[in-house]
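Q: Take a look and give me a structure for this.
(2 chains)
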There are 2 protein chains.
Amino acid sequence: MSPPSTIGDIPLKQLANHANSYAAAHGLQVEKRIQIDDSSSNSSSGEKKEASTYQCAPISLLPNAFPATEFERAKSLASNFNELVDRISRDGDFLQSTLGGPGGVTDADPYTRKLLQLYNEIYCGKGVNGEEWGKFAREADCLGVQRSDYMLNSKKDEQDKIYYELKQVELNTIASSFAGLSVNVAGLHRHLTQRFKNEVADFIESNERAVMGQDYVRSDGEDKGVPINPALTCIPRAMNVAYDQYQNRFEKSNSDRVILFVVQEGETNTVDQRFLEFNLWERHSIPVVRMSLTAAHTRLELDESTGTLYIKSNDGNEDKRQEVSVVYFRAGYSPADYPDGDDGIEWLSREKIERSRATKCPCLGYHLAGTKKVQQELARPGTLERFFGEGREADVESLRGAFAGLYSLGSDATPGDIDALRDALSGGEGRYVLKPQREGGGYNFYGDNLVKKVRENVMEDPSTKELKLGSELAEFILMERLFPPQQKSILLRAGLIEGIGETISELGCFGTIVSTNDGNVLHNEYAGFLLRTKFSGVDEGGVASGFATLSSPSLC
Amino acid sequence: MSPPSTIGDIPLKQLANHANSYAAAHGLQVEKRIQIDDSSSNSSSGEKKEASTYQCAPISLLPNAFPATEFERAKSLASNFNELVDRISRDGDFLQSTLGGPGGVTDADPYTRKLLQLYNEIYCGKGVNGEEWGKFAREADCLGVQRSDYMLNSKKDEQDKIYYELKQVELNTIASSFAGLSVNVAGLHRHLTQRFKNEVADFIESNERAVMGQDYVRSDGEDKGVPINPALTCIPRAMNVAYDQYQNRFEKSNSDRVILFVVQEGETNTVDQRFLEFNLWERHSIPVVRMSLTAAHTRLELDESTGTLYIKSNDGNEDKRQEVSVVYFRAGYSPADYPDGDDGIEWLSREKIERSRATKCPCLGYHLAGTKKVQQELARPGTLERFFGEGREADVESLRGAFAGLYSLGSDATPGDIDALRDALSGGEGRYVLKPQREGGGYNFYGDNLVKKVRENVMEDPSTKELKLGSELAEFILMERLFPPQQKSILLRAGLIEGIGETISELGCFGTIVSTNDGNVLHNEYAGFLLRTKFSGVDEGGVASGFATLSSPSLC
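A: Prediction:
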């Protein structure tokens, strides 16, 4: 099948070129390092050196239709999810019972085990180093920059009319990325849909009908089209609240105070991160220093008498060291970020940072609250009520409404969980997806692959028909499979048209929270959005498998 | 010599990396096309296709010291130069006598000859096609986006104290580039000098003393530091004035009206151009269409009955063609932009555009007014007065004050010109530079090369000692050599440090003008700045020869 070469009257290549230029002018880019000949006059000839070039981030050329009501619902959930994460982070018993113990996640996943162990040692005083060891961390404030990711799940009402449920796919509490780029994707999409309004009208309307039903009539209301994305105002603002709170609490020494961005070596999504840095400086005059966990081992120093975290100066001069007031992690969320191993220098860096009085984004409690196992536990009846007391019934109900069916395959599996698994193994595999627990933990299993993976790790008692779950399954959760609406998209890779086809989208909703050590919430708000769009049928293993792009919702 | 690796306490590489990231986030980039493997699912594997990557434009890492008084002088000259260009463009006799005739520039330079010929045919009715042929062009408005480039020339007063004269190097009346990038260089430089104020203070102060004298004491006044660069507001605003004027004059048909950007095939300075396009859309809702002179031959059509210039629709449907109200040339300024030769399709495109009623930026008259030969003629006593009458004596004086010594080597050479040439040939070559007349016309000649070039084209009468100038010299002008202040700069190529060394700078000052066919000036203002910085000693042929970077003035 050869894709169409025009949209409206305009050649698709020209529209892609326009988008690519917009991306270059507005920083909608990812970094790509290349080797170049060193023509510098100060080195011997023929040498190669590494240069950074930039190319258009993977994007959907045009925005994707999304129902305005569900977009508003996602926004309205943000502050409750922020608060929920904060409350979970302070409940050591809950985290321990949910993640720890024999047969739990931490048995099968050394990374989560390490996080929980550190959490217990620092925040619960349960370690060889005693209570004192974590005292500065326990006095520190908390900053959360979360992103709750949702899918639309298609349903039909009694009149056979399509409606959608907004279902949470994941709650990211560490290194929630793409705030910077998504603001600019929204800008690009507003630009293209206004500049080429006539040319793209049919394409957009056809998608609107695909999502909203064939009888959908578009309107140009203020709540329609691509909304303004406030992420680059909101996230720096929350960081500023945390920074100011640190300023107020701790007397200023001679050292300049900075926000530390902990980043990966070799990161390519740098522009996205730099947007936060540049906005922090331009809007709030807050300087940022970037550092990897590996470099942090030698460059950071913790004053054990005050809990102050310092960045050493290059010449060792104490007057020139900088004080870290807030730490923002864009690394550390996956075992790969700790290349020196379980007792290596990266974990020592993480520990040093965590033990300081600096405000962490996230602290270990926030980080653990975002694990899939916690998400699954929250979906069990009664758990939400543990964190929201009387008078919050409506909030509990709205949060619960956003949970998809989540089933444990660990030692805590309930009869209900086992029933779901049995359903998946006896012809119902199309209604489920098997997801790894840990962050950056690999692929999801669907269909036959799901069945195969489960069968390899399950024993059935021939007489009682009882299922016995192998311990490897504790690393996974079984989740209700969602059926999002499909619509046509033109996806771009490196500014070139990668393909045109049916796609599904995932809405991410940012939220920011600042709370004090005693749980007083100083700041809590919705903080912008992200839409990610990929070809459907990705799990069937097409050429474009795994190719996800940044997009924006066009509200309808 | 190994360059220093830090500035203040900060590693230079880190500062360069910071600048490179800022450049990516803010579109301070040039395009670079690369071949990539085609992984698209819609084509056979192994194919290569071309992708656009972007890299940091060549920049000076930090701004360069520049005296505030001379910066203000340059700004104050902008509107007078705009007006001068407009008046010259309407003086066919002047252009003909300055550029044409036997032994003139047009004898040696077929490109300028072609421009002048078209000008004469269209605007003066002196062609085989008769008066009627150019009537729509003669009724069109004019838009000028000029850039006057200046150097500082060091002088010493009676107390041996350094002072500077601002001397015009060139007046660009076509395709004056770098407005978009220079706005962002200024943004970068303000960012770096604020964010790393302490780290860069010594470096900047040392340059300020190098330029202003060792006893210079810096101040933080509002008129100091890197000024705001309004180019991306001003230039689109002038285009908008021209667009609106066209709207008012010509009744709207069914066709949408656009501004046509005539661009080079394979242009790499695209982001710079796109900034104008995006600003035209965002600020004024004016759509832009980009096209090369080659493509224009088939895509543009001139309605001979009305002078309306149309962009044909792809399917030939007349209802969908677009009307060109303003043409902005970012190509056509050099013979290389007319690959099909002197009677080729690119010249036919230029002719078709020129003959239309669309507002040209520039029209042929403006274009010719920017030739170096005209610049030289303007420097002769009495010429400025031809264009500025009574009551404008002060303006004439200020313009003349900005002219460097300019000497003709054509058939119109005066005894004064010959004296200068004789001076250059008898040991004074260091005080002159030999510059090619035409745009994009090659290298300047300095020192020994200047002497060699002239000697090859000059005969001395053995008895009378009279100099006879060969006709090839008419392509050149002899110019007083200027001695700008030197200061240290860190120059970046592709985001990497190219070198650190002594540099000289050239200040460009944008100006915009809109005038009606009868010379009524509707709009005339200063429109932003550009500083270009290069290693000094470029004419000695170093490794970095010809490597010029974008910079900003730091006023002092």
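Q: Following the chain onward from the lowest-mean-pLDDT helix or strand in chain A, which element is next?
A: Here the helix or strand of chain A ranked lowest by mean pLDDT, DSSP states H and E is helix A:105-108, holding a mean of 80. If you walk from helix A:105-108 toward the C-terminus, the next helix or strand you reach (DSSP states H and E) is helix A:110-123.
Q: Let me see the backbone angles for residue A:522.
A: For residue A:522, the backbone dihedrals (degrees, to the nearest 10) come out as phi -90, psi -20.
Q: burial of it, as a residue count?
A: Counted by other CB atoms under 10 Å in any protein chain shown, the residues lying close to residue A:522 total 16. From N, CA and C alone the C-beta is placed, and that goes for glycine too.
Q: What residues does the stretch 301-450 of chain A have near chain B?
A: Applying CB under 8 Å from any CB of the partner chain, we find that the stretch 301-450 of chain A lies next to chain B at A:313-315, A:320.
Q: er, the stretch 101-250 of chain A actually
A: If contact is defined as CB under 8 Å from any CB, the residues of the stretch 101-250 of chain A in contact with chain B are A:180, A:191, A:194-195.
Q: how close does the closest residue to residue A:445 other than its chain neighbours get to residue B:377?
A: In this structure, residue A:445 finds its nearest non-sequential neighbour in residue A:434, 3.9 Å apart by CB to CB, 6 or more residues apart in numbering or on different chains. Per CB to CB, to the nearest Å, residue A:434 is found 82 Å from residue B:377.
Q: More neighbours: which of the two?
A: Taking residue A:434 and residue B:377 together and counting by other CB under 10 Å, residue A:434 has the greater number of neighbours (24 against 21).
Q: related to what we said a few turns ago, for residue B:304, state which of the residues of the stretch 301-450 of chain A next to chain B is nearest.
A: Using CB to CB, residue A:314 is the member of those that lies nearest residue B:304, at 71.9 Å.
Q: which of the residues in the helix ranked longest in chain A are buried?
A: Of all the elements of type helix in chain A, the one with the most residues (DSSP state H) is helix A:68-89. Within helix A:68-89, the residues scored as buried using 16 or more other CB atoms under 10 Å in any protein chain shown are A:68, A:70-71, A:73-75, A:77-89.
Q: now whatever helix or strand comes next after it: how far from the chain's centre is it?
A: On the C-terminal side of helix A:68-89, the nearest following helix or strand under DSSP H and E is helix A:92-99. Put simply, helix A:92-99 sits 22 Å off its chain's centre (CA atoms, centre = their mean, to the nearest Å).
Q: okay, helix A:92-99 in CSV with CA atoms only?
A: As requested, the backbone C-alpha atoms of helix A:92-99 are provided in CSV (Å, rounded to 0.1, in the frame of the first residue of the first chain):
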residue,chain,number,x,y,z
GLY,A,92,6.1,2.5,55.8
ASP,A,93,3.9,-0.4,56.9
PHE,A,94,1.9,-0.3,53.7
LEU,A,95,5.0,-0.1,51.5
GLN,A,96,6.7,-2.9,53.4
SER,A,97,3.6,-5.2,53.3
THR,A,98,2.9,-4.4,49.7
LEU,A,99,6.4,-4.7,48.3
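Q: Could you give me the PyMOL syntax to select whichever of the residues of the stretch 101-250 of chain A next to chain B are buried?
A: Per 16+ other CB under 10 Å, the buried members of these correspond to this PyMOL selection:
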select buried, chain A and resi 180+191+195
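Q: in the stretch 251-400 of chain A, what residue is nearest chain B?
A: When you check the stretch 251-400 of chain A against chain B by CB to the nearest CB, the closest residue turns out to be residue A:274, at 4.4 Å.
Q: Quick check on the residue lying closest to that residue once chain neighbours are set aside: phi, psi?
A: If you skip the residues right next to it in sequence, residue A:274 has residue B:21 as its closest partner in space, 4.4 Å away by CB to CB, 6+ apart. In this entry, residue B:21 is assigned phi and psi values of phi -70, psi -40 (degrees, to the nearest 10).
Q: likewise residue A:361?
A: Comment: the main-chain dihedrals of residue A:361 come out as phi -130, psi 90, following degrees, to the nearest 10.
Q: Thank you, goodbye.
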